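Chemist: quick one, structure for this:
(chains A, B, C and D)
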Number of protein chains: 2
Amino acid sequence: MLYPLGFWERSMPYTPEHKQKTRRKIVRSAARLFNRKGFAEVTIGEIMTAAGLTHGGFYRHFNTKEELYAETVRHFLKKEAPERWQKGPAGPARPDLPFARYVLDAYLSRDHLEDVEGSCPLIGLPSDVAHGGDAVKAAYREVAESMIHVFKSNLKGRAAREQALLLLTLCVGGMVLARAIDDEDLAADLLGTAHKHALTTTGWGDARGR
Amino acid sequence: MLYPLGFWERSMPYTPEHKQKTRRKIVRSAARLFNRKGFAEVTIGEIMTAAGLTHGGFYRHFNTKEELYAETVRHFLKKEAPERWQKGPAGPARPDLPFARYVLDAYLSRDHLEDVEGSCPLIGLPSDVAHGGDAVKAAYREVAESMIHVFKSNLKGRAAREQALLLLTLCVGGMVLARAIDDEDLAADLLGTAHKHALTTTGWGDARGR
DNA sequence: GTCTATACATTGATAGAC
DNA sequence: GTCTATCAATGTATAGAC
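Modeler: Numbers count the residues shown, from 1 in each chain, chains lettered A, B, ... in the order given. Okay, here's the model as predicted:
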């Protein structure tokens, strides 16, 4: 039954901008939780609570859990992503080194290994993606292609694309293994080897400052 | 209430050997299903039905679903694993090439890409493992170390271990990405690049016959 | 050792109020 | 746009019979 002049119509307490802000809070909360626990182990209620909201409100922003998941993956490319992927070099400026070198350093770093919640989604849930639906896979591919692009634009010659694919493989392979293996030394060895090899192959310099 | 001479005591219809056989059926069924759908998306009932058994009987073999999962990962090292990993070269014998070369070929092959159910567990559920318990991670590490061992024992010199780590990273990274990306060409490129690079680095020969 | 039946908890999704 | 309340489905684990 309708009520001609209820609280809602009278006051209009929420603006479209507010909705966008809320939506972003949900996505950020979800990104952390999915990375930490995996897709299936996270509940809608959990995500909403962590975002300071309640369970029921979720469905005014997303139709399904998987739809949120896809947006979460894609969200990594936006500015809300952890600062590690935005800023340039941490130490003194090194204009002689290409930007992609910093991405590589950050990717295969101990920081990234330990920052599970802020992880690149390529690492966080690769198997959930492989079992997921079309939207999720499309988002995953977007992120992968974005990384390939960054690497490729800092490489020259005919082999640029091939080398970029190789770098992506080293990044993802090294970090996936390091995260799954409960042996600190072996994990560090895997990351170090991948990093060193990537630098050797591209000629982007030695491993100093890693 | 007890029944002094019931059907069970009278006939003893199941032998210990039979139990082992049943257990193995459960593990094999689980391995396929976990690889196909992911840990959380598979139910005990599903596993048991696929094994030709019923839900309730599960708990006479395993205490929890995760315990079964750990055994499933480790199971890959046993003889029940798909034949791809057991047999040597598919084509004509090539005694000039090391055995590890065949493992590498098989790992980064289109067959492995498409055979999701029979996949190496290092690929099938890396993120589920990263979020899993100690037993699961230990099993995962065992498989990883086993692969490192195979590669390493076919390499010479001081850099043998480092190269073995690199090969593992290329195998896992290439296949994880290829499985998660819904673009056949890009997936094939990733596998091909990783394979080619692995062969170049180790000097195990060209990519002929892949 | 395996089966049927069921208790019990969880959770994705909806309905309706404000 | 968000909240409370609730439904319906699913799934882990247990109990007891044979």
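Chemist: which residues in chain A form helices?
Modeler: Assigned by DSSP state H, the helices in chain A fall at A:7-11, A:16-37, A:44-50, A:65-75, A:99-107, A:110-114, A:121-124, A:126-130, A:134-152, A:160-180, A:184-202.
Chemist: can you redo these as CSV with mean pLDDT?
Modeler: What follows is these, written out as CSV (pLDDT from 0 to 100):
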stretch, mean pLDDT
helix A:7-11, 56
helix A:16-37, 95
helix A:44-50, 97
helix A:65-75, 96
helix A:99-107, 93
helix A:110-114, 97
helix A:121-124, 96
helix A:126-130, 92
helix A:134-152, 96
helix A:160-180, 98
helix A:184-202, 97
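Chemist: quick one, which of these is nearest to B:Ser29?
Modeler: If you check each of the helices of chain A against B:Ser29 by Cβ to Cβ, helix A:126-130 wins as the nearest, at 18.9 Å. In this view, the C-beta of every residue, glycine as well, is placed from N, C-alpha and C.
Chemist: and that closest one, does that touch chain B?
Modeler: Yes - if you take Cβ under 8 Å from any Cβ of the partner chain as the test, helix A:126-130 does meet chain B, through A:Pro126, A:Ser127, A:Asp128, A:Val129, A:Ala130.
Chemist: contacting residues for A:Gly133?
Modeler: Contact partners of A:Gly133, counting by Cβ atoms under 8 Å, 6 or more residues apart in numbering or on different chains, are A:Glu66, A:Ala70.
Chemist: and it, what's its pLDDT?
Modeler: In this model, A:Gly133 is scored at 93, pLDDT.
Chemist: and it, how far is that from DNA strand D?
Modeler: 16 Å (Cβ to the nearest atom of the strand, to the nearest Å).
Chemist: with A:Glu41 instead?
Modeler: Distance from A:Glu41 to DNA strand D, by Cβ to the nearest atom of the strand: 12 Å.
Chemist: what is the nearest of the residues of helix A:126-130 next to chain B to DNA strand C?
Modeler: In terms of Cβ to the nearest atom of the strand, no member of those lies closer to DNA strand C than A:Asp128, at 12.9 Å.
Chemist: local confidence estimate at the spatially closest residue to that closest one that is not a sequence neighbour?
Modeler: Nearest non-adjacent residue to A:Asp128, counting by Cβ to Cβ, 6 or more residues apart in numbering or on different chains: A:Phe39, 4.2 Å away. If you check A:Phe39, the pLDDT there is 96.
Chemist: list the contacts for the residue in chain A that chain B sits nearest to?
Modeler: Nearest residue of chain A to chain B (Cβ to the nearest Cβ) works out as A:Gly173 at 2.1 Å. Neighbour list for A:Gly173: A:Ala194, B:Leu168, B:Thr169, B:Leu170, B:Cys171, B:Val172, B:Gly173, B:Gly174, B:Val176 [criterion: Cβ under 8 Å, 6+ apart].
Chemist: just give me the neighbour total for the second one.
Modeler: B:Leu168 has 26 neighbours, counted by other Cβ atoms under 10 Å in any protein chain shown.
Chemist: so it touches B:Val143, yeah?
Modeler: No - between B:Leu168 and B:Val143 there is no contact under Cβ atoms under 8 Å: 10.3 Å.
Chemist: just to revisit the earlier point, ok, the residue of chain A closest to chain B to DNA strand C distance?
Modeler: Distance of A:Gly173 to DNA strand C, given as Cβ to the nearest atom of the strand: 30 Å.
Chemist: residue contacts, the most centrally placed residue in chain A?
Modeler: Centroid-nearest residue in chain A, with Cα atoms, centre = their mean: A:Cys120, separated by 3.1 Å. When contacts are counted by Cβ under 8 Å, 6+ apart, A:Cys120 is found next to A:Phe76, A:Trp85, A:Tyr107, A:His112, A:Val143, A:Met175.
Chemist: who touches the second one in this structure?
Modeler: Think A:Trp85. A:Phe76, A:Val103, A:Ala106, A:Cys120.
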